[in-house]
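Engineer: just to be clear, the model below is a prediction. Sequence and coordinates:
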Amino acid sequence: MIPVRYREVLPPYWYENEVAGWHFGVMEEEIDLRESKMEELVNQFLLQRATWGLDLWEWIYFRAEQVGSMANRREAIRRKKLAKKPFKLPILRQIGSQYGKLLQVTEEFLAKEIHFEYDSSSPINVAGLFTDFEYIRPVHINRAVPVVKTSTPAITMGGKGYSFSLDFPICGLEMPQELGTSGVLAVENITVGAATSYARIDSPITGFEIPMQGGTA
């Protein structure tokens with residue numbers, strides 16, 4: 001019987017052909033083997049998938065076989081390949097985009113710095129950026145500077161406190177409450193906990209403190 005994978009592309013009159021069934025049944029294993037070998041050969045041209053092909057990559061870039069794990073050998077080839085490229089804006093964008101959501105790359109001429117601007121909404125691998133940049137950095141550039149920008153506008157909050165007075169038969173007193181503060185929050189999460197404050201009461205009889213429990217939010 002002809003396997004399903006071949007029946008899908010053959011005309012119906014082949015289904016009852018006994019000889020065709022023998023042919024495709026025997027050739028199926030050979031065809032699978034050929035496809036796997038072709039896929040493996042293609043992988044050797046891709047650095048991140050190469051295995052035995054790393055020897056050829058290393059001969060091209062180092063003229064010698066390197067030691068270490070496959071991951072380390074691939075990383076060494078990648079950096080060597082990167083170092084051969086010109087130190088221009090497209091290459092800098094390529095480096096920066098590997099380690100975060102890159103917005104733009106700018107050059108500070110006076111400071112001799114390259115600024116990589118990232119969006120704060122995604123993680124940024126600063127160590128990887130510095131490693132790749134230093135590998136290709138020319139002598140007339142001092143350093144790379146990662147700049148993180150947020151697309152969320154800052155939230156400004158403020159609060160007020162009020163004072164009130166308590167009248168006792170013995171004396172009148174006031175318990176002042178400190179006014180709240182206002183400012184710009186750097187993060188969007190706000191945690192407010194309970195607090196206890198004390199107000200001093202001076203009377204002709206004795207001095208004592210009244211604890212006041214702060215609220216929570």
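Structural biologist: Arrived safely, thanks for sending. Residues are numbered from 1 along each chain as shown.

Engineer: can you spell out which helices and strands pack onto the helix or strand containing residue 22?
Structural biologist: Per DSSP states H and E, residue 22 falls inside helix 18-43. Helices and strands touching helix 18-43, by 3 or more C-beta pairs under 8 Å, 6 or more residues apart in numbering; DSSP states H and E, are helix 4-7. Every C-beta, even on glycine, is put in place using the N, C-alpha and C of the backbone.

Engineer: quick one on the thing from earlier: whichever helix or strand comes after the helix holding residue 22 - contacts with which helices or strands?
Structural biologist: Counting by DSSP H and E, the next helix or strand C-terminal to helix 18-43 is helix 54-61. Other elements packing on helix 54-61 under the criterion 3+ C-beta pairs under 8 Å, 6+ apart are helix 70-83.

Engineer: against which helices or strands is the helix it packs on packed?
Structural biologist: By 3+ C-beta pairs under 8 Å, 6+ apart, helix 70-83 packs against helix 54-61, helix 126-136.

Engineer: among these, which is nearest residue 29?
Structural biologist: Comparing the helices and strands packed on helix 70-83 against residue 29 with C-beta to C-beta, the closest turns out to be helix 54-61 (29.4 Å).

Engineer: for that closest one, report the contacting residues that lie outside it.
Structural biologist: 44, 47, 50, 64-66, 70, 73-74, 77, 80-81, 84 (C-beta atoms under 8 Å, 6 or more residues apart in numbering).

Engineer: before we move on, back to that, mind putting the helices and strands packed on helix 70-83 into TSV with mean pLDDT and distance to residue 25?
Structural biologist: Putting those into TSV (pLDDT from 0 to 100; distance: least, C-beta to C-beta, whole Å) gives the following:
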stretch	mean pLDDT	distance to residue 25
helix 54-61	92	38
helix 126-136	90	51
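
Engineer: kindly reformat those helices as CSV containing distance to residue 40 and mean neighbour count.
Structural biologist: Shown next, in CSV, are the helices and strands packed on helix 70-83 (distance: least, C-beta to C-beta, whole Å; neighbours: other C-beta atoms under 10 Å):
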stretch, distance to residue 40, mean neighbour count
helix 54-61, 13, 15
helix 126-136, 29, 15
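
Engineer: of those helices, which is nearest residue 17?
Structural biologist: Short answer: helix 54-61, nearest of those by C-beta to C-beta, at 45.2 Å.
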